Structures are given as structure tokens and as C-alpha cells.
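# From the sequence below, what's the structure:
(one chain, ligands or ions: 1)
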Amino acid sequence: METDYLVVGAGASGLAFADALIAGADVEVTLVDRRPAVGGHWRDAYPFVRLHTPSAYYGVDSIPLGEDRLDVEGFYERASGPELHRYFDAVAAQLDASGRVRLLTGHDHLGVEAGVHLVRDRRTGIDQRIAVRRKVVDARYLEASVPATHSPTFDVAPGAPLIGIHKLPDVVRPGAVYSVIGAGKTAVDACTWLLGHDVAPDHIRWIRPRDAWFHDRREFQPLDQVGATMAGIALDAEAAAQAGDLDDLLGRLEDGGRLLRIDPSAPASMYRAAMLSGAELEALREIDHVVRLGRVRRIEADRVLLERGQVAAGTSVIHVDCTARGLNDAPAQPIFQPCRVVLQQVRHNSPTFNAALIGHLEARGGTDADNNRLCPPNPYPRSILDWPRMCATTWRAERGWAADRELSAWVAGTRLNLLAAVRDRAAGPPVREAVARFVAHVGAAVEHLDRMQPPPSEGGDR
Ligand SMILES: Cc1cc2nc3c(=O)[nH]c(=O)nc-3n(C[C@H](O)[C@H](O)[C@H](O)COP(=O)(O)OP(=O)(O)OC[C@H]3O[C@@H](n4cnc5c(N)ncnc54)[C@H](O)[C@@H]3O)c2cc1C
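Modelled structure (predicted):
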């Protein structure tokens, strides 16, 4: 088999890349994924999972996701797991119908031998050899680790009642006490689900190795609410330009509502750019029993051993493992390489926008050096110490896009751009003022943030 591009990984990133690539270039693409259907980790997610960002700017460029409805809190709708499955099925059908994309789901990419790629059909065990005329695209470099595919890093004694989050709906029962282990978005989802299913806050014990910083969902809204989003980004730039040091910066961001802590009295260090609404935050703050004794080392039938102590666990306690890493912390490497593209983040918090951006640039041509200048890799944040690097990299990249007429037209036009509506609403006072405030501060902000780069951040433990 021959192909122009071999995309390894048909998760949201591989799909968004391929969709943008064939929109701009007459090429033949083969997507390989070991899962039986496209969509990546969303296919194995827990039953009550939802996007934490609006559907309006998620997925592939050429197919809208959702209908831009507002939810009960007045925010743009977020797709549920089943909605995402249906969406990815539609994406697969459209790619297939293009006649230029071959989908090899249920296939493992085994490696390369003498320049030829080897893939194996997981059902039949039959191998195929694929010669690549142009480039191999690594769309699994940032493969997500989700509860269904992860094993806990702590010991579990035989008989200790530990479940993954996907089992929660099966085990919930009157009188049970739930011990939720983890500090990130999955743990938040477990606690929110329990509270929403009539479990009293005093029946939840939350084991948080570290406390985390979150964003307010209100400030990541597209379309008609983009004014608030732009105002928040302007506040980020102003705070970064004026802050004396990192502590001062974090204080300004928290005072301005850009960063949130569930418990403002507890120091927080973890930061995975997850979002909460005001209502979720209020509900989570009702959980008083928080265990801060470090990471879990071992779970036994009647107790939990942690780094800095232990807590008892009665027979009614069900431990819920929410420690899967989620976002992949792989280090940065050049995105455009000879005969190879490695999909990574460029603008923070925008995985499918970034994959499509890279696909668009690949279709447009240009040298790897020029494309790498436009797409500096920007690894997912693990700790709040990564905030300066993350924002400085984004703002520097955006400066490059603005200076490139063709690219800035693409960025302004793609539905995957959270800020796409800024152009149409720029005449309105809130957006105009926010853009002016951002422009006034971003230059100094990038310089200050460069000076605030911390030593390598501590591990992304949850
Ligand atoms: C729980 C969770 C919630 C999230 N919510 C949001 C959100 O609301 N908004 C947002 O913007 N982002 C969100 N993200 C970020 C998310 O990671 C991206 O949005 C996106 O789904 C990641 O897609 P991906 O294609 O990079 O990775 P994956 O979905 O992990 O896909 C990688 C694929 O590569 C395949 N693969 C790996 N190795 C091989 C091999 N050797 N052979 C064949 N196939 C292989 C895997 O089977 C997998 O399907 C969330 C992440 C998690 C974990």
C-alpha cells in the first residue's frame, strides 16, 4: 500500500489534522488507529463524561459540533460522550466519502522497517506494509491517559474496594461513603456526579495529593460571549506585564477571577487548564472532608496509606480511582521535521485548533523552518509554574500568525478558533476595549513572562 501521508492516531487531533490537510491539498491520507473506531480516548471515557470546553470550537473544522445552544447556566453547550461518538462517526464517514482518506481502525502501527511502515489488523493478525510518499504524522505523541486505559500507581490489597470512575453509576448505593482519589478534572467529575445524584457532601472524602488551579468556564466562551473571553485574556496580559514576580502574578490572576481554587485557603500548585462553572465550584466547596497527606501508597480493606500518614476506611467506603494522568506531558520537540510531523500544542487549551492549524500549514507548503517559527511547541501545563511559559509561547506564536496574511485569514475563519467571533464583534465596545487593552500589554507581558520561567516544574501527580 502507498499513501502520501500516514497519520498514526485517529483521535480528535489526527482527525482535525487530516480534515484541514485535505481541505488545502490534493493528497491521499491513511489514518491508522488501534481502537475499533475513530475519536481516540473519548471512545473509552466514563459514561457521564462531557467536554469541559464548549462544543462550538471543538472537533474538525469542516463539521460543526452541536448547535451552539446555551445550557442552564447560560454557557455554550458541551457535548456528552454519546454526542462525541456520533460526531466522530460523522467525521469518519465524511473523510471516507472524500475518496482521499483511508481509515484503518482496529490496526496497530508496529513501526518502520527499511523506510516501510508496518501495521497489523488486530482482528485478523494480518500485517500490511505502507510506503509513505510524503510524511508520517505522529498523532499519538500526546496520547491521553484515561481511567479505562490506566492502572493505579499505588498498591491495592486483595479485596480492597477500589473502582474506576466509569463504575460509579453501577455501585452508588444508600449509606455508602465515597473516597475520591485525585485532584484533577476526573476527580472533579466524580464528586460533581455524586453530588448530583443525591450523595450528601459528608459522604464524600476527597483525597487530594495537591490542590489545583482551575479556570472559570465563563471566560472561555465563543460567539456572542467572546467579549468576556477577550476581556479575560486582556487581564492575563495586563497582569503579566505589571506583576513583579510569579506570586504577584498569581495573586492578580486570582483576584481578577482568571484562576480559581476550590479552597482559597489551601496553597495550590497543580494546573491542567481544567474548567469549572460557578455552580460546580459552589457544589465542590460543600465537600469538607479533604485529605491532604500526599499521594496514596496502598489501599487496604480498612485503611489508606499515604505519603504522609494514613486514614481509616470503614466497610461502607468505596474508593474511586481518579488518578489517570489525562493530558500527556511529553516534552516539546519540533512539530515539522524532515518527512515527519509531530502534532503538539501551540495555542494553549486548543488541541483540535492546533492540529488543524498544523494540517493547514502542511497543506500550504512552505519550509519546515518557517512552519516551525509559526508553530512553536507548547507542552500541556502540569503545574502553575508552567503558566508563564504557556502564555508567552501562545502570544509569541499569535504574533507570527498576525503577520502572515493568508494564515491570519485562516485563523479568523476556522470554527475551531475560540476567538473567531472577535473579528465580527470588534466594533462593539466590550470587544474593542478588551482588544485594545490586550494589545497595549502583550509586548511587555511576553518579556516579563520570559523572565519568570521557573526551574523545571514538579511532576504532574494527581
Ligand atoms: C478526560 C479528558 C477530557 C478532555 N476534555 C477536553 C475538552 O473538553 N476540550 C478540549 O479541547 N480538550 C479536552 N481534552 C484534551 C484532549 O486530550 C484532546 O481534546 C483530544 O481529545 C486529544 O486527542 P488526541 O488525538 O491527541 O489523543 P487521543 O484521543 O489519545 O488519540 C490518540 C490515538 O492514537 C492511537 N494510537 C496510539 N498508539 C498507536 C499505535 N501504535 N497504533 C495505532 N494507534 C495508536 C490511540 O489508540 C488513540 O486513539 C480532554 C482530555 C481528557 C483526557
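
# Tell me the helices and strands packed up against the host helix or strand of residue 281.
Following DSSP states H and E, one finds residue 281 within helix 278-284. Taking 3 or more Cβ pairs under 8 Å, 6 or more residues apart in numbering; DSSP states H and E as contact, the helices and strands that helix 278-284 lies on are helix 185-196. In short, each C-beta sits where N, CA and C put it, glycine included.

# Least confident secondary structure element in the chain?
Using mean pLDDT, DSSP states H and E, the weakest-scoring helix or strand in the chain turns out to be helix 422-425, at a mean of 85.

# And that one, what's buried?
Going by neighbour count (16 or more other Cβ atoms under 10 Å), the buried part of helix 422-425 is 422, 425.

# Kindly report the same for stretch 206-214.
Neighbour counts using 16+ other Cβ under 10 Å place 206, 207, 208, 209, 210, 211, 212, 213, 214 of stretch 206-214 among the buried residues.

# The last one against residue 280, yeah?
Yep, that's residue 214 we're talking about. No: taking contact to mean Cβ atoms under 8 Å, the distance of 9.0 Å between residue 214 and residue 280 leaves them out of contact.

# Spit out the residues that contact these two alike.
residue 188 (Cβ atoms under 8 Å, 6 or more residues apart in numbering).

# so how far is the least confident helix or strand of the chain from its chain's centroid?
Using Cα atoms, centre = their mean, to the nearest Å, the mean C-alpha position of helix 422-425 is found 25 Å from that of the whole chain.

# next one: stretch 111-128
Relative to the chain's own centre, stretch 111-128 is displaced by 30 Å; criterion: Cα atoms, centre = their mean.

# Give the buried residues for it.
Using 16+ other Cβ under 10 Å as the burial criterion, the residues of stretch 111-128 that qualify are 117, 119, 120.

# repeat for stretch 256-271
Within stretch 256-271, the residues that count as buried by 16+ other Cβ under 10 Å are 258, 259, 260, 261, 262, 268, 270, 271.

# How about the contacts made by residue 288?
When contacts are counted by Cβ under 8 Å, 6+ apart, residue 288 is found next to 201, 202.

# now it: how far from the ligand?
Computed as Cβ to the nearest ligand atom, to the nearest Å, the residue 288 to the ligand distance reads 26 Å.

# now swap in residue 83 and tell me
In this structure, residue 83 and the ligand are separated by 12 Å, where distance is defined by Cβ to the nearest ligand atom.

# Figure out the helix or strand that that residue lives in.
Assigning secondary structure by DSSP H and E places residue 83 in helix 81-97.

# From the contact counts, what lies against that helix?
Contacting helix 81-97 under the criterion 3+ Cβ pairs under 8 Å, 6+ apart are the following elements: helix 12-24, strand 101-105.

# Does the shortest one reach the ligand?
This points to strand 101-105. No: Strand 101-105 lies out of reach of the ligand by Cβ under 6 Å from any ligand atom, never closer than 8.6 Å.

# Tell me which other helices or strands that strand touches.
Based on contacts counted as 3+ Cβ pairs under 8 Å, 6+ apart, the elements that strand 101-105 packs against are strand 29-33, helix 81-97.

# repeat that with 6 Å
strand 29-33 (3 or more Cβ pairs under 6 Å, 6 or more residues apart in numbering; DSSP states H and E).

# Give me the residues contacting the strand it packs on.
For strand 29-33, the external contacting residues (Cβ atoms under 6 Å, 6 or more residues apart in numbering) are 3, 5-8, 10, 14, 18, 101-105, 107, 109, 119.

# Which one of these is nearest to the ligand?
Taking Cβ to the nearest ligand atom as the measure, residue 109 is the one of the contacts of strand 29-33 closest to the ligand, at 3.6 Å.

# Please name the strands paired to the helix or strand that contains the closest one in the sheet, noting orientation.
For residue 109, the host element (DSSP H and E) is strand 107-113. Next to strand 107-113 in the sheet, as set by DSSP bridges, lie strand 116-121 (antiparallel).

# and the partner strand, average pLDDT?
Model confidence over strand 116-121 averages 98 on the pLDDT scale.

# That one versus strand 29-33: what angle between them?
Going by axes from the mean of the first three to the mean of the last three Cα atoms, to 10 degrees, strand 116-121 is angled at 50 degrees with respect to strand 29-33.

# Is there proximity between strand 116-121 and the ligand?
No: judged by Cβ under 6 Å from any ligand atom, strand 116-121 stays clear of the ligand, getting no closer than 7.4 Å.

# ok, residue 252 touching residue 241?
No: because the distance of 10.3 Å does not satisfy Cβ atoms under 6 Å, residue 252 is recorded as not touching residue 241.

# ok, which residues in this structure are in contact with the ligand?
8-9, 11-14, 32-35, 40-41, 51-53, 58, 108-109, 139-140, 142-144, 146, 326-327, 351.

# so who does residue 141 touch?
Applying Cβ under 6 Å, 6+ apart, the residues contacting residue 141 are 330, 342.

# distance of it from residue 63?
As for residue 141, its distance to residue 63 is 24 Å (criterion: Cβ to Cβ, to the nearest Å).

# returning to what we had before: residues making contact with the helix holding residue 281?
Under the criterion Cβ under 6 Å, 6+ apart, external residues in contact with helix 278-284 comprise 73, 191, 192, 195, 262.

# If we use 7 Å, what do you get?
Residues outside helix 278-284 that contact it (Cβ atoms under 7 Å, 6 or more residues apart in numbering) are 73, 188, 191, 192, 195, 260, 262.

# ok, so of the residues you listed, who is nearest residue 409?
Closest approach to residue 409 among those (Cβ to Cβ): residue 73, at 33.8 Å.

# since we're on the closest one, how many residues are nearby?
The number of residues packed near residue 73 is 11, by other Cβ atoms under 10 Å.

# what do you get for residue 420?
Residue 420 sits with 19 neighbouring residues when counted by other Cβ under 10 Å.

# can you check residue 308 too?
If you count neighbours by other Cβ under 10 Å, residue 308 ends up with 11.

# My read is that residue 116 contacts residue 131, right?
Yes: taking Cβ atoms under 7 Å as the definition, residue 116 is a contact partner of residue 131 at 5.5 Å.

# Taking their axis directions, the longest strand along the chain and helix 12-24 sit at what angle?
In the chain, ranked by residue count with DSSP state E as the criterion, the top strand is strand 127-138. Relative orientation of strand 127-138 and helix 12-24, computed by the same axes, to 10 degrees: 80 degrees.

# Work out for me the element residue 320 sits within.
strand 317-321.

# Which elements pack onto that strand?
If you count contacts as 3 or more Cβ pairs under 7 Å, 6 or more residues apart in numbering; DSSP states H and E, strand 317-321 packs onto strand 162-164, strand 177-181.

# Brilliant, that's me finished.
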